[in-house]
Every structure is written in C-alpha cells, then in structure tokens.
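Novice: Give me a model of this one.
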Amino acid sequence: MFWELEGTAYASITGPETRTGIAPVPEGATFVGIEFAVGTWLRAVPTPALVDHGVELPDATRWSFRLGGVRWETPGPDDAEALVDRLVRSGAVVRDPLVTEVRRGHRPAVSGRTVERRFRAATGLTQGAVRQIVRARKASALLAVGVPVADVVSRIEYFDEPHLARTLRRYVGRTARQLREGTGGAIALDLYQPTAS
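Specialist: Now for the predicted structure:
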C-alpha cells in the first residue's frame, strides 16, 4: 500500500487478515494498493509474519521506496502493474505453483501434510481459513446486491442462517441486513462480482 498525506509519502505491506478490521483512511489522503493472489508474496517479508498485521517500509518518498535492500519507484494508479512486473522479474515477488494448483481443485502428487505445510508457508493461513474467507466474501457480495439471505445460505452452502451470520461477523464485520442495506461504512467487495440472478 502506498499513500500520501499532507505532502508525506508512506509505503507498507499488510498481510492476510483472519478477522474483520478497520483500515484508517485519513481525509485528504491518496492511496494506491496492490493485492497479490493467494500464494504470491514478497520474498523480503514472509507472509506468515504478516498475518493480521503489517510493516511500514523505510525511506518512502513520493518517488521511491525501499524493499529488500533495493530502491523501487513508487507507483501511481496507472503504473502499479509495471511495478509488479519489475518485482516479479527481479525475483522479489514469488509464487508457489502448488498453492495455485490446489486452489484450482487439483490434487498434487505430494502428501496432504506437504500441501498444508507449503500452503501455510505461502499464505500464512490454512486451506480451510482461506476457503472460509472466500465464502464470506462471496456471501457478502451477494447480500450487497440484494440476494435474499436464504438464497445466499443455499448458494454458498452454509449450514443455516446463524452459520452465515457468525461467518459475516468474523470475516466481514457486518450483518446480512447491513450488507443488504449498504449501511455500516465502506467495505471492499471488489474481488467477487456477483449478480443477483
């Protein structure tokens, strides 16, 4: 995440979150964020060390920031992908292809323990936690476009409405009613674009 407030530039890395949280958004600040796919991380900071928190990067300016002992150009909204491309080519961004394979439903030719160990090393989370978070995001997005609660329970295969309610409280910090009415403050649901049909 890169942001500027009152002429001062900042850069930070945040990790995966296992519970709902509030991100401070100061008035007048401008932000550029880059979100990596599950199983992709920055070599300089192991993902397990970032679960539920983050680190501020040193020496950030409007023009550059330091990561892994190297100075990189601070991206704007139109060139964030170019920064990611440079990070990938340099080896600063890495991905475990086994995680991608597992997330696509494939069964790799290694033991279940190996899969879980590599999944945790790459993501900081268990496979089950990632599945729960993805389900909660899908449910939230459906509720936000007006899909009835009972239909969401059925579509996303929750056991019942209280199960959905507990999941929403934990991972989204909103009730089904708040999501349907659009109340409770801003929320990021752009990773899943559902339709009400």
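Novice: hey, which helix is longest across this structure?
Specialist: helix 127-144 (DSSP state H).
Novice: domains for the protein, by residue range?
Specialist: 2-95, 127-181 (automatic domain parsing).
Novice: nearest to residue 120, of the ones you listed?
Specialist: domain 2-95 (6.7 Å; CB to CB). Heads up, the C-betas are built off the backbone N, CA and C, glycines and all.
Novice: Now do the closest one: distance to the chain's middle.
Specialist: Domain 2-95 sits 12 Å away from the centroid of its parent chain (CA atoms, centre = their mean, to the nearest Å).
Novice: Now it: average pLDDT?
Specialist: What domain 2-95 shows for mean pLDDT is 91.
Novice: what about that domain, start to end distance?
Specialist: Distance across domain 2-95, first residue to last, is 22 Å (CA to CA, to the nearest Å).
Novice: swap in stretch 49-64?
Specialist: End-to-end distance (CA to CA), stretch 49-64: 24 Å.
Novice: what comes into contact with it?
Specialist: 2, 4, 9-19, 21, 45, 65-67, 71-74, 124-125 (CB atoms under 8 Å, 6 or more residues apart in numbering).
Novice: Tell me where the longest strand sits in this protein.
Specialist: In the chain, taking DSSP state E as the definition, the longest strand is strand 8-14.
Novice: Direction included, what does that strand pair up with?
Specialist: Strand 8-14 pairs in its sheet with strand 2-5 (antiparallel), strand 54-56 (antiparallel), by DSSP bridges.
Novice: before we move on, the earlier item: which among the contacts of stretch 49-64 end up buried?
Specialist: Buried residues within the contacts of stretch 49-64, counting neighbours by 16 or more other CB atoms under 10 Å: 2, 4, 9-11, 13-18, 45, 65, 67, 72, 74, 124-125.
Novice: which parts of stretch 161-181 are buried?
Specialist: For stretch 161-181, by 16+ other CB under 10 Å, it's 164-165, 167-168, 171-176, 178-180.
Novice: Thanks again, I'm all set now.
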